[in-house]
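Student: what shape does this take:
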Amino acid sequence: MAAQSVGVKAADLPDLTIKEAKIYVLDGSSWRNAGAGLSGGNEIASLVTASGIEGNFTLGNGAAG
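Tutor: Residues are numbered from 1 along each chain as shown. The predicted structure follows:
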């Protein structure tokens, strides 16, 4: 409703339906840069929408501390 109140039509907005989702598990112990701060089990999520918008998100490894 807020978009309609300023004159934006639904057709003007991108389709944010998720079409593809991937999870990448990184093994930081094999990286050359030991100072990268990554240990085994770090995860990155990659999402792609129907409009082709891609987002990558760091999930971390779930370890406390």
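Student: okay, CA-based contacts and neighbour counts for the rest of this
Tutor: Will do.
Student: right, and the helix or strand after the helix or strand hosting residue 22?
Tutor: Element membership of residue 22 [criterion: DSSP states H and E] is strand 18-26. Following strand 18-26 in sequence order, the next helix or strand is strand 42-49 (DSSP H and E).
Student: okay, buried residues for the strand holding residue 22 please.
Tutor: residue 26 (16 or more other C-alpha atoms under 10 Å).
Student: residue 3 belongs to a strand?
Tutor: No - going by DSSP: H, G, I helix; E, B strand; the rest coil, the assignment for residue 3 is helix, not a strand.
Student: contact partners for it?
Tutor: Taking C-alpha atoms under 8 Å, 6 or more residues apart in numbering, we find residue 3 in contact with residue 9.
Student: distance of it relative to residue 12?
Tutor: From residue 3 across to residue 12, the span is 10 Å (C-alpha to C-alpha, to the nearest Å).
Student: now for the strand holding residue 22, which elements pack on it?
Tutor: strand 42-49 (3 or more C-alpha pairs under 8 Å, 6 or more residues apart in numbering; DSSP states H and E).
Student: strand partners (parallel or antiparallel) of the strand it packs on?
Tutor: Here strand 42-49 is paired, per DSSP bridges, with strand 18-26 (antiparallel), strand 54-60 (antiparallel).
Student: pLDDT averaged over it, what's the number?
Tutor: Mean per-residue pLDDT for strand 42-49: 92.
Student: would you mind listing the buried residues in that strand?
Tutor: Across strand 42-49, burial judged by 16+ other C-alpha under 10 Å covers 42, 43, 44, 47, 48, 49.
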